[in-house]
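sequence first, then the predicted structure:
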Amino acid sequence: MAKNTICLWYDKDAEAAARFYAETFPDSAVGAVFRAPGEYPSGKQGDVLMVEFTVAGVACLGLNGGPAIKHNEAFSFQIATDDQDETDRYWNAIVGNGGQESACGWCKDKWGVSWQITPRVLMEAMAIGGGEAKRAFDAMMGMKKIDVAAIKAARRG
């Protein structure tokens, strides 16, 4: 187990979520699956309690803690993409697997975890600042999934 791990609370589907992430994102994998050694408030002995996994190289632990706590936008994974094909692939995998679109490159997976699918061209514009950043930002504000060509056009003016 990594020294610093992100712990994500799921109702009861931590293993399914971890397997989906491992299939969807490179440098992702499912590690150890821990089963409950006894009864607990939202489960029974032998149920999957925790799952170690990585998402794009980030160490995570999925905890099946029951329905009391829900995910929200205060936490999100941000995945940097190199082009429209990569942006589309991740966006479509998340939204097309029971997730939902949001604004400005944000979406949620079917477990309620928020994702920012962010083309590098947008972050590069923001780093440059000034008018180029403002034009790219303004273009992004009207989008759900980020349109790389539109961001590039906005950057050029």
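Perfect, I can see it now.

can you tell me the SS state at the residue most central in space within the chain?
Nearest to the geometric centre of the chain sits residue 115, at 3.3 Å (CA atoms, centre = their mean). Following DSSP: H, G, I helix; E, B strand; the rest coil, residue 115 is assigned to strand.

quick check: phi and psi at the residue lying closest to residue 67 once chain neighbours are set aside.
Nearest residue to residue 67, sequence neighbours excluded (CB to CB, 6 or more residues apart in numbering): residue 11, at 4.8 Å. Quick note: C-beta positions are derived from backbone N, CA and C, even for glycine. In terms of degrees, to the nearest 10, the main-chain angles of residue 11 are phi -60, psi -60.

could I get the contacting residues of residue 11?
42, 64, 65, 66, 67, 111 (CB atoms under 8 Å, 6 or more residues apart in numbering).

try 10 Å this time
42, 64, 65, 66, 67, 68, 69, 70, 111, 112 (CB atoms under 10 Å, 6 or more residues apart in numbering).

if you rank the residues you listed by neighbours, which is first?
residue 64 (22 neighbours; other CB atoms under 10 Å).

mind listing the residues bridging to that one?
On the basis of DSSP bridges, residue 64 is bridged to residue 10.

circling back to that earlier point, in strands, which of the contacts of residue 11 fall?
residue 64 (DSSP state E).

and which of the contacts of residue 11 is nearest to residue 140?
Nearest to residue 140 among the contacts of residue 11, counting by CB to CB, is residue 112 at 23.4 Å.

what sits against the closest one?
Residue 112 touches 8, 9, 10, 11, 17, 70, 71, 72, 73, 99, 100, counting by CB under 10 Å, 6+ apart.

show the pLDDT at the fourth one.
It refers to residue 11. You'll see residue 11 listed with a pLDDT of 96.

can you give me the distance of it to residue 72?
14 Å (CB to CB, to the nearest Å).

how about the helices in this protein?
Remark: helices assigned in the chain by DSSP state H are 14-24, 84-95, 120-128, 130-141, 148-156.

for the contacts of residue 11, which one is nearest residue 49?
Nearest to residue 49 among the contacts of residue 11, with distances taken as CB to CB, is residue 64, at 5.8 Å.
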